[in-house]
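Colleague: Here you go, sequence then predicted model.
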Amino acid sequence: MSDIQTIHAHQFDAVEQQHEASWIGMWVFLATEVMFFGGMFMGYAVYRTAYPQAFASASNHLDIWLGAINTAVLICSSFTMALGVRSAQLSARKPLMIFLALTIALGAVFLGIKFTEYYFKYEEHLVPGSAFLFEETSLARQAEIFFSFYFAMTGMHAVHMIIGIGLLTALIVMASRGRFSAEYHTPVELVGLYWHFVDIVWIFLFPLLYLLGRHL
Amino acid sequence: MNTQTMERRQHYLNVSYGIRSWLFTTDHKRIAWLYLVSVTFFFFIGGLFATLIRLELLTPQGDLVQAETYNKLFTMHGVTMIFFFLIPSIPAVLGNFLIPMMIGARDLAFPRLNLASWYIYSIGGLFTLIAAAAGGVDTGWTFYTPYSSIYSNTHVVLTVVGIFVTGFSSILTGLNFIVTIHTMRAPGMTWFRLPLFVWAHYATSIIFVLGTPVIAITLLLVGLERVFHLGIFDPELGGDPLLFQHLFWFYSHPAVYIMILPGMGVISELIACFSRKRIFGYEFVAFSSLGIAVLGFLVWGHHMFVSGQSLYAGMIFSLLSMLVAIPSAVKVFNWTATLYKGSVSFDAPMLYALGFIGLFTIGGLTGLFLASIGVDVHVHDTYFVIAHFHYIMVGSAVMAYLGGIHFWWPKMTGRRYPEAVARVAALIIFLGFNLTFFPQFILGYLGMPRRYHVYPPEFQVLNVMSSAGASILAVGYVLPLIYLIWSLRYGAIAGMNPWKAKGLEWQTPSPPPTDNFDVTPIVVHEAYGYETDEPQAIYPPGKPLHV
């Protein structure tokens, strides 16, 4: 018991209070993230309504297979993350580190595929700016807006992935030093929440950006 | 004798010394001081811009500055005052200092995050100062596109980055407050025993958390559009500038309530204490804070009555804007009812509080004028609007901030400020404020538009009155700066509870110990037991920690 008491920070009375505070804090933070992405989702909704044809046409220039593979990769990474949290709850240090490393690896695969896609878009002159080219010239301006949102939204998502990989790396270091146990593993749970959130953002981005105007 | 015991007792100010003990502190009370120094600095920077504006407007011709410089002046005035003074002022200074003490906690839930908020704020401020020093920005604080994203040749990106960064300090402060109020309340501190100051900050934090991310992403998109020539808000590229206005005001209207709600919390404390009465209609005042926070998110379109949004949207926004008047009026009526048959005393904080009620009423009622589409079309973008929002932001928010600073100064420093001078300063500020801004209502009604450095000669008399008032107001603002600093060394020793107030923060010594309370209090009453002799809390060992 006395061991547990020394764990919580001085401003708290008990480890349960600290855990509750961290938990609420993370959920509130995720609420701010929803609002942050929400601004872009709203902009997307406005222009998709205004320019449905251009958005459908531009969407067909995205590689649906790369997007689908990435979706699968990300869902798998959420699975390994959940297994990592479970390992932490069971005080299983080795499996925790393995699952965290797997999550990082899957995240890296996702980013690798994403940046490959960016490169293809660059080659195809689909990056907004002076070099932008779109074969249906009457829709070029509007398609450029689609790609503006594509890069802004997936770019912001990728930034969140990179931050998540940094957090996971820190967790591995902490885990290797034996910082986590069945009694205390709040950071693992919180990073888990964050990772799942970033995953869910992609679950919305994929159909909105890739599956427009396709009849599969 | 008394002085010597004061000096020997260890408290948060003398527990450690040196610049590092301040810059690396995680004590919410010390972080409040870091914020106090920073926001005061930005207040006087913003005041400097205002001074130049009022000097230019002394004469109808543009003889002090050119139009371009004038555009930069009112932009930098707005940016500094709103993002770097008004938004952080009460929450980050008084809220930081008081919320843990008012709920009987040792600190906020996340002390390191709290310190990080201040650093983030400072970095954002630095960006904005660099932008100002490098030549400023001329878009108006609203950064309307496509002017901001394409045409302006000033330091838009630097300023926008500064505001973007600072936004995260608001988000983190709001997050910290929400978590603290949920999880750190002392035993017995139920939600309906919380001081109204805490309720007001809870409502403010909700806006911080839900609104600020939207302005962050919006300004980020403006920056991206400017740097990479995206077409998101640029009509030439198929973008929609109205979308920017929607996104901008979705945050920036609630931001007005970020500025006023904490002030309302301060006023509730002051009115109860200096009327020696329980606040009238506690639950209504508490819920009206939440009501304002929620309704505040639904009224942004009243900034866009003339910018091309649909008439039907305008009518809905007009109606919703009227609704905000209800919770605001609930507060004003409850404060007034608290005064009724109270033993009212007129110490300096109370003068600020009474001034607040009057000025807020004027500012609020003229807000109703502007919420009616027909009137707004007539006075839109005139000095009527300027006067209206200065009655809220300066007349109300700054008055509440100063009232709060005076009220809790003895708690923060252990010293009393000189009461007579303080009362005079409060009166000077009240008079100077009204002389500055009341003529602007008339100017606006007569049709003088905002954001011009020249005006027709027939407006000169009212403009001279306004500038004269501004100089009086400046004297009123410099006075507290002087005597409050003076009181740090020469002020009378305050003692634990100079106002005989009832809140928990007054049951611990002044200045408080680092942990606020030596023993976690057990709360048995609400914070407004002015009609009883019992304290708000008892202490487990059976004795309070003082004397």
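Modeller: Nice, thanks for sending it over.

Colleague: Does the host helix or strand of residue A:26 pack against any helices or strands, and if so which?
Modeller: Following DSSP states H and E, one finds residue A:26 within helix A:15-50. Applying 3 or more C-beta pairs under 8 Å, 6 or more residues apart in numbering or on different chains; DSSP states H and E, one finds that helix A:15-50 contacts helix A:140-176, helix A:186-210, helix B:156-183, helix B:196-228, helix B:241-275. Placement of C-beta: from N, CA and C, glycine included.

Colleague: Please see if the second one touches chain B.
Modeller: Read it as helix A:186-210. No - using C-beta under 8 Å from any C-beta of the partner chain, helix A:186-210 stays clear of chain B, coming no nearer than 12.0 Å.

Colleague: and that helix, what does it pack onto?
Modeller: helix A:15-50, helix A:64-89, helix A:140-176.

Colleague: Give the next helix or strand downstream of the second one.
Modeller: What that stands for is helix A:64-89. Criterion used, DSSP H and E; the element after helix A:64-89 is helix A:93-123.

Colleague: in a helix, that's where residue B:525 is, yeah?
Modeller: No - under DSSP: H, G, I helix; E, B strand; the rest coil, residue B:525 falls outside any helix and is assigned coil.

Colleague: do you know how far it is from chain A?
Modeller: 21 Å (C-beta to the nearest C-beta, to the nearest Å).

Colleague: Next one: that residue relative to residue B:531, how far apart?
Modeller: Noted for residue B:525: a distance of 11 Å to residue B:531, by C-beta to C-beta, to the nearest Å.

Colleague: out of these two, which sits in the more crowded spot?
Modeller: Comparing residue B:525 with residue B:531 by other C-beta atoms under 10 Å in any protein chain shown, the one with more neighbours is residue B:525, at 16 against 9.

Colleague: what sits against the more buried one?
Modeller: Applying C-beta atoms under 8 Å, 6 or more residues apart in numbering or on different chains to residue B:525 gives the contacts B:193, B:502, B:532, B:534-537.

Colleague: Among these, which are located in strands?
Modeller: residue B:537 (DSSP state E).

Colleague: ok, back up a step: can I get the helices and strands packed on helix A:15-50 in JSON lines with mean neighbour count and mean pLDDT?
Modeller: Formatted as JSON lines, these follow (neighbours: other C-beta atoms under 10 Å in any protein chain shown; pLDDT from 0 to 100):
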{"stretch": "helix A:140-176", "mean neighbour count": "19", "mean pLDDT": "96"}
{"stretch": "helix A:186-210", "mean neighbour count": "19", "mean pLDDT": "96"}
{"stretch": "helix B:156-183", "mean neighbour count": "24", "mean pLDDT": "96"}
{"stretch": "helix B:196-228", "mean neighbour count": "25", "mean pLDDT": "95"}
{"stretch": "helix B:241-275", "mean neighbour count": "25", "mean pLDDT": "96"}
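
Colleague: For residue B:489, find the nearest of the ones you listed.
Modeller: Of all the helices and strands packed on helix A:15-50, helix B:241-275 sits nearest to residue B:489, with 26.1 Å by C-beta to C-beta.

Colleague: interface residues of chain A facing chain B?
Modeller: A:9-13, A:17, A:20-21, A:24-25, A:28-29, A:31-33, A:35-40, A:42-43, A:46-47, A:50-51, A:128-130, A:141-142, A:144-145, A:148-149, A:152, A:156.

Colleague: Give me the phi and psi for residue B:382.
Modeller: Backbone torsions of residue B:382, given as degrees, to the nearest 10, read phi -110, psi 180.

Colleague: and it, what does it touch?
Modeller: Neighbours of residue B:382 in contact, by C-beta under 8 Å, 6+ apart: B:443-445, B:447-450.

Colleague: how about these, which pair is most distant?
Modeller: Applying C-beta to C-beta across the contacts of residue B:382, the maximum distance is between B:445 and B:450, 13.1 Å.

Colleague: ok, for residue 77, nearest residue in space, not its chain neighbours?
Modeller: Here I'm looking at chain A. Nearest residue to residue A:77, sequence neighbours excluded (C-beta to C-beta, 6 or more residues apart in numbering or on different chains): residue A:106, at 3.6 Å.

Colleague: my bad, chain B
Modeller: residue B:49 (3.7 Å).

Colleague: just to revisit the earlier point, so which of the helices and strands packed on helix A:186-210 is nearest residue B:92?
Modeller: Comparing the helices and strands packed on helix A:186-210 by C-beta to C-beta, helix A:15-50 comes nearest, at 17.2 Å.

Colleague: any idea how far the closest residue in space to residue A:54 that isn't next to it in sequence is from residue B:488?
Modeller: In space, residue A:54 comes closest to residue A:142 once its chain neighbours are excluded; the distance is 3.4 Å by C-beta to C-beta, 6+ apart. From residue A:142 over to residue B:488 the distance is 62 Å, taken as C-beta to C-beta.
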